[in-house]
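# The sequence isn't on hand, but the structure is:
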């Protein structure tokens, strides 16, 4: 049985080699999927979770946040902080600062799910790296400060 087992091993190895070469040849003639990164950007899925964003209400032009603090309580690691101030009449509360600490955020979306007023959402930013840790703390209701890390290089 020795020579028969030896011939079967050679045939099995040759078959394995042909299968591997078939995969290689098929992939050689297939379309490339590599993107030239700075010039070509990803198209992210609709359910992609980037960083937290505080959108404006299209009707009133202001933020929808009602200062209920549900998002702050839902955040498992304290990445959100809301600073409330007094309104012009002295009785109502208004949003002064909506502080988001991207450096500690796990992008879990629990704050978005807790918000009953659709005041916050996860945007589609995926370029979140930076060399400066201070730029990871964003004030979302100030347009100049809410652009986030890496925003200067975006088209």
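That came through fine. Please read all numbers here as calculations on a predicted model, not as lab measurements.
# Which residue ranges of this protein form strands?
Assigned strands in the chain, in chain order: 52-53, 80-86, 93-101, 121-122, 137-139 (criterion: DSSP state E).
# closest to residue 3 out of the ones you listed?
Smallest distance to residue 3 across those (CB to CB): 65.7 Å, for strand 121-122. To be clear about C-beta, it is placed using only N, CA and C from the backbone, and glycine gets the same treatment.
# Describe which strands that closest one pairs with in its sheet and in which direction.
Taking DSSP bridges as the criterion, strand 121-122 sits next to strand 52-53 (antiparallel) in its sheet.
# Show me what the strand it pairs with is in contact with.
With CB atoms under 8 Å, 6 or more residues apart in numbering as the test, strand 52-53 has contacts from 79, 80, 100, 105, 111, 112, 120, 121, 122, 123, 140, 146.
# same thing but 7 Å
When contacts are defined by CB atoms under 7 Å, 6 or more residues apart in numbering, strand 52-53 is touched by residues 100, 105, 111, 120, 121, 122, 123, 140.
# Please tell me which one of those counts the most neighbours.
residue 100 (28 neighbours; other CB atoms under 10 Å).
# so that residue touches residue 135, yeah?
No. Between residue 100 and residue 135 there is no contact under CB atoms under 7 Å: 12.0 Å.
# Poorly predicted segments of the protein, please.
Scanning the chain for pLDDT under 70 picks out the ranges 1, 144-155.
# So for it, the centremost residue is which one?
Per CA atoms, centre = their mean, the C-alpha nearest to the average position across the chain is that of residue 50, at 2.0 Å.
# any idea how far it lies from residue 57?
Computed as CB to CB, to the nearest Å, the residue 50 to residue 57 distance reads 21 Å.
# What segments of this structure are helices?
With DSSP state H applied, the chain shows helices at 2-28, 70-74, 110-114, listed in chain order.
# so can I have a markdown table of these showing distance to residue 95?
Rendered in a markdown table, the data for these read as follows (distance: least, CB to CB, whole Å):
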| stretch | distance to residue 95 |
| --- | --- |
| helix 2-28 | 54 |
| helix 70-74 | 12 |
| helix 110-114 | 15 |
